[in-house]
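Novice: Quick one: sequence plus predicted model below, questions after.
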Amino acid sequence: MMIDGEAGPPKTSVAKRVLTYGSTLVVAAVVIYGLTEYLTPIQKPKQGDCAYLTGAADEGRYNAVDCSAPNANYVVAGTVARSAACPNPADADWVPVRAIDPKIRFCLVPIYAEGECYDDSGSGFDITAVDCGSEGSFQVAKVSKGTSAPACPTGAEARAFPEVKLTYCVAPR
């Protein structure tokens, strides 16, 4: 019961209530997204699937992408047990690091563009073209997809990935 002259409880403005509810919803959405991302294991890819990998070799991030995507930089040659090595020593390999992920190793083939040069000494998963005059680089002279290995030009060697029917002719720069 209120006595005359006494002030009631302070009223909050509608704007303040909307802001409070809105920020609560945003925080809840971020938490739910984070938990979903962390608690959903990475799906085992199939041979021929493409990926966009970035980062250092031990901490790289794997993102499944369509093979026609401009950022696709690897194609999956297969998977093996985490404790095993990829059958083709030229394959890059990626191991999921979260405990919830499957105990497998992804065997990956880099996707190079014909005529471009790349650094052969890269320590991460990022694949970017470099100046062909760079020390330690190689140039992709030919790319053969789905057909037999091409005849490589003089001075170039074949890097074959028969699992995904992909062969590169590369020449040191």
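Specialist: Done, it's in.

Novice: burial count for Ser121?
Specialist: 9 (other C-beta atoms under 10 Å). (Glycine included, C-beta is placed from N, CA and C.)

Novice: give me the element the spatially most central residue of the chain is part of.
Specialist: Most central in the chain under C-alpha atoms, centre = their mean is Leu53, positioned 2.5 Å from the mean C-alpha point. Element membership for Leu53 (DSSP states H and E) is strand 50-54.

Novice: Each with direction, which strands does that strand pair with?
Specialist: Paired strands of strand 50-54, with direction, are strand 61-65 (antiparallel), strand 74-81 (antiparallel) (DSSP bridges).

Novice: looking at this, Val26 is in a helix?
Specialist: Yes: with DSSP: H, G, I helix; E, B strand; the rest coil as the criterion, Val26 is part of a helix.

Novice: Model confidence score at it, please.
Specialist: Predicted confidence (pLDDT) for Val26: 78.

Novice: same thing with the one 5 residues further on?
Specialist: With respect to pLDDT, Val31 scores 65.

Novice: Bridge partners for the residue lying closest to Arg173 once chain neighbours are set aside, pull those for me.
Specialist: Nearest residue to Arg173, sequence neighbours excluded (C-beta to C-beta, 6 or more residues apart in numbering): Ser137, at 4.6 Å. Note on Ser137: beta-bridge partners by DSSP bridges are Asp119.

Novice: related to what we said a few turns ago, looking at the strands paired with strand 50-54, which is buried most?
Specialist: The highest mean neighbour count among the strands paired with strand 50-54, using mean count of other C-beta atoms under 10 Å, belongs to strand 74-81: a mean of 20.

Novice: what about that strand, average pLDDT?
Specialist: Strand 74-81 shows a mean pLDDT of 93.

Novice: Contacts only, for Val65.
Specialist: In this structure, Val65 makes contact with Cys50, Ala51, Tyr52, Asn71, Ala72, judged by C-beta atoms under 8 Å, 6 or more residues apart in numbering.

Novice: ignore the last one, Thr167
Specialist: Counted by C-beta under 8 Å, 6+ apart, Thr167 has contacts Lys142, Val143, Ser144, Ala149, Pro150, Ala158, Arg159, Ala160, Phe161.

Novice: For PyMOL, what selects the buried ones among those?
Specialist: Burial among the contacts of Thr167 is assessed by 16 or more other C-beta atoms under 10 Å; the matching PyMOL selection reads:
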select buried, resi 142+143+144+149+159+160+161
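
Novice: circling back to that earlier point, the residue nearest to Arg173 contacts Cys117, correct?
Specialist: Yes: counting by C-beta atoms under 8 Å, Ser137 does reach Cys117; the two are 4.7 Å apart.

Novice: overlap in contacts of these two?
Specialist: Between them, Ser137 and Cys117 share the contacting residues Val130, Asp131, Arg173, judged by C-beta under 8 Å, 6+ apart.
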